[in-house]
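> I would like to see how this sequence folds:
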Amino acid sequence: MAENEYIQLSRDCEVVQIPSGTKATLPKGSKVRIAQSLGGTYTVMTEYGYMVRISGEDGDAIGKEKISAVPSPEALKDKSLEDLVWDQLRTCYDPEIPINIVELGLIYDLKITPLAKPEGSFKVDVKMTLTAPGCGMGDALRRDAQEKIARLPNVGEVNVELVWEPAWNQSRMSEAARLKLGIM
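Sure thing, here's the model as predicted:
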């Protein structure tokens with residue numbers, strides 16, 4: 001299949017509309033073209049010009065393998081919980097920008113605290129922002145981060161909060177992200 005060819009959905013598929021963040025269902029037989037495949041999700045363009053995000057777990061609907069967001073045992077080996085949380089956050093991508101939320105500078109704070117029960121479990125609190133306060137994908141990005149962190153071993157609670165202070169600006173981006181976007 002050529003890169004720009006449309007793929008016909010093999011079944012109904014839940015999607016998130018970009019940039020509104022509204023959930024919808026594309027029916028079986030809908031035609032889509034993959035625009036981006038990063039972080040366990042697919043950003044696709046419909047035949048009508050709408051951009052939507054498909055979960056990696058629904059990859060089979062577009063003829064791709066299902067992508068699990070659960071880290072492999074090898075990825076968990078010899079890492080601190082904080083490092084594992086940062087690794088998970090690096091798998092969360094803005095569906096319109098091929099850069100993860102860590103490199104975009106959207107993560108403002110990360111705290112890990114022990115929970116009383118169950119013993120050995122932890123609460124993870126993350127404060128993150130968006131590139132623009134009106135971004136409709138904010139809740140989808142927040143939910144993506146929260147769900148991926150919750151899959152880590154010993155994580156009992158996760159709270160990902162959207163904050164607006166200080167306001168995000170391009171100086172928060174990593175050098176690699178600025179280079180990739182041609183901003184220097």
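> how is this protein carved up into domains?
According to automatic domain parsing, the chain comprises the domains 7-62, 73-181.
> show me where this protein has its helices.
Using DSSP state H, the helices found in the chain span residues 73-76, 81-89, 138-150, 175-181.
> output those helices as a markdown table; include the columns mean pLDDT and distance to residue 110.
The C-beta positions use only the backbone N, C-alpha and C, and glycine is treated the same way. Converted to a markdown table, the helices of the chain look like this (pLDDT from 0 to 100; distance: least, Cβ to Cβ, whole Å):
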| stretch | mean pLDDT | distance to residue 110 |
| --- | --- | --- |
| helix 73-76 | 69 | 18 |
| helix 81-89 | 95 | 6 |
| helix 138-150 | 91 | 10 |
| helix 175-181 | 90 | 18 |
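> to residue 99, which of the ones you listed lies closest?
helix 175-181 (4.8 Å; Cβ to Cβ).
> residues in contact with that closest one: which ones?
By Cβ atoms under 8 Å, 6 or more residues apart in numbering, the list of residues contacting helix 175-181 from outside reads 97-99, 103-105, 170, 173, 184.
> what's the closest residue to residue 121 other than its chain neighbours in contact with, if anything?
Excluding its sequence neighbours, the residue lying closest to residue 121 (Cβ to Cβ, 6 or more residues apart in numbering) is residue 156, at 3.5 Å. With contacts defined as Cβ under 8 Å, 6+ apart, residue 156 is in contact with 115, 118, 121-123.
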